[in-house]
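Colleague: Need coordinates for the following:
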Amino acid sequence: MKVMVMVKATESSEAGKMPSQELLMAMGEFNERLVDAGIMELGEGLKPSSNGVRIRFSGKDRSITKGPFAETNELVAGYWIWNVQSLDEAVEWVKQCPNPMEDDSDIEIRPLFEMADFEDVDTDGKVKEQEGALRQNLSMQKAKINTYLFFSGRCDEALEYYQKHLGANVELLMRFNESPDPLPEELLQAGFEDKVMHCEFSIGDMRILASDGCNDADSFSGFNLALTLSSEDEAQRVFSALADGGSVRMPLEKTFWSPLYGQVTDKFGMGWMVMLPPAVE
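Modeller: Residues are numbered from 1 along each chain as shown. Sure thing, here's the model as predicted:
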């Protein structure tokens with residue numbers, strides 16, 4: 001279940017008093033624990049209500065009131081979004097939180113609505129379908145795409161050429177014989193053990209990913225698009241969509257560089273490398 005954990009405002013926070021460095025460090029360490037536990041999805045502090053506005057709705061009329069607002073105990077000074085197993089788990093985590101204010105303070109926990117809560121109202125499933133489409137669009141807006149080049153055994157030569165003539169900056173390079181995991185048998189052409197398995201370089205403001213590939217039988221045929229997504233469900237959905245009418249070159253699976261990674265060529269002949277970002281240590 002998802003919950004919003006709200007830090008209530010106090011007189012000092014509404015007065016704009018900044019927290020001490022010691023308190024900021026303590027809250028930062030608490031946030032690190034939340035991230036390591038896989039609970040925290042979002043967390044932000046809010047400026048005093050004197051920086052905000054309120055919009056009142058009355059039928060078709062809208063009226064705007066500028067802050068500050070008087071009812072300090074009803075205001076929020078910061079919040080988290082947590083993904084927990086139960087409200088009791090959220091309570092246990094909040095009890096471990098440093099006092100977020102220099103003075104006495106309150107933290108409120110409120111569960112977020114889930115689509116299951118609206119089943120009695122959404123009898124035909126239209127709202128659930130609309131919500132699913134919206135979440136899918138939001139997820140895709142956060143996706144990242146990089147160009148991935150395959151040089152069929154000439155990657156070192158290409159990098160040297162780009163460095164000489166285009167000012168390329170090689171930021172990362174790993175060869176097949178440096179792989180921390182054993183490579184599948186018969187993956188590589190004989191003599192490719194010292195070839196480039198993966199590298200990253202930049203030309204101007206563009207970051208490019210590249211490899212020698214696994215053999216020199218294929219001529220250079222352009223590029224793949226490396227698509228990094230934020231959730232396993234979305235990676236599975238996108239990978240299945242790209243594979244429909246296309247061909248899977250490597251199924252989605254865990255690798256040493258990604259919790260989930262796979263290669264697929266879509267029905268238009270475009271090569272894709274779908275992955276999740278590296279896990280946070």
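Colleague: which residues does residue 225 bridge with?
Modeller: Counting by DSSP bridges, residue 225 is bridged to residue 147, residue 272.
Colleague: how far away is it from residue 161?
Modeller: Between residue 225 and residue 161 the computed distance is 23 Å (Cβ to Cβ, to the nearest Å). Any C-beta I mention is one placed from the backbone N, CA and C, and that applies to glycine too.
Colleague: Those two - which one has more neighbours?
Modeller: residue 225 (16 against 12; other Cβ atoms under 10 Å).
Colleague: Now residue 216. Nearest residue, chain neighbours left out?
Modeller: The spatial neighbour of residue 216 that comes closest, neighbours along the chain excluded (Cβ to Cβ, 6 or more residues apart in numbering), is residue 153 at 3.9 Å.
Colleague: now swap in residue 189 and tell me
Modeller: Nearest to residue 189 is residue 215, by Cβ to Cβ, 6+ apart, at 3.8 Å.
Colleague: Same check on residue 266?
Modeller: Using Cβ to Cβ, 6+ apart and skipping the chain neighbours, the partner closest in space to residue 266 is residue 246 (4.2 Å).
Colleague: what's near enough to touch the one you found?
Modeller: Residues touching residue 246, when contacts are defined by Cβ atoms under 8 Å, 6 or more residues apart in numbering, comprise 264-268.
Colleague: repeat that with 7 Å
Modeller: By Cβ atoms under 7 Å, 6 or more residues apart in numbering, the residues touching residue 246 are 264-267.
Colleague: roughly how far apart are it and residue 263?
Modeller: Distance, residue 246 to residue 263, using Cβ to Cβ: 11 Å.
Colleague: do residue 72 as well
Modeller: Residue 72 sits 56 Å away from residue 263, going by Cβ to Cβ.
Colleague: Around the residue nearest to residue 189, how many other residues sit close by?
Modeller: Residue 215 sits with 15 neighbouring residues when counted by other Cβ under 10 Å.
Colleague: Same question for residue 22.
Modeller: Neighbours of residue 22 under the rule other Cβ under 10 Å: 9.
Colleague: Is it part of a helix or strand, or is it coil?
Modeller: The assignment at residue 22 comes out as helix when based on DSSP: H, G, I helix; E, B strand; the rest coil.
Colleague: can you pull the contacts of residue 44?
Modeller: The contact partners of residue 44, by Cβ under 7 Å, 6+ apart, come to 78-79.
Colleague: same question but for residue 75, I mixed them up
Modeller: Applying Cβ under 7 Å, 6+ apart, we find residue 75 in contact with 8-9, 14, 49, 69.
Colleague: Let's have these in TSV, adding distance to residue 104.
Modeller: Shown next, in TSV, are these (distance: Cβ to Cβ, whole Å):
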residue	distance to residue 104
8	10
9	12
14	14
49	19
69	20
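Colleague: Tell me the one of those nearest residue 129?
Modeller: Of all the contacts of residue 75, residue 129 sits closest to residue 8, with 36.7 Å by Cβ to Cβ.
Colleague: neighbours around that closest one, how many?
Modeller: 18.
Colleague: Would you check that it makes contact with residue 103?
Modeller: No. If you go by Cβ atoms under 7 Å, residue 8 and residue 103 don't touch, sitting 11.5 Å apart.
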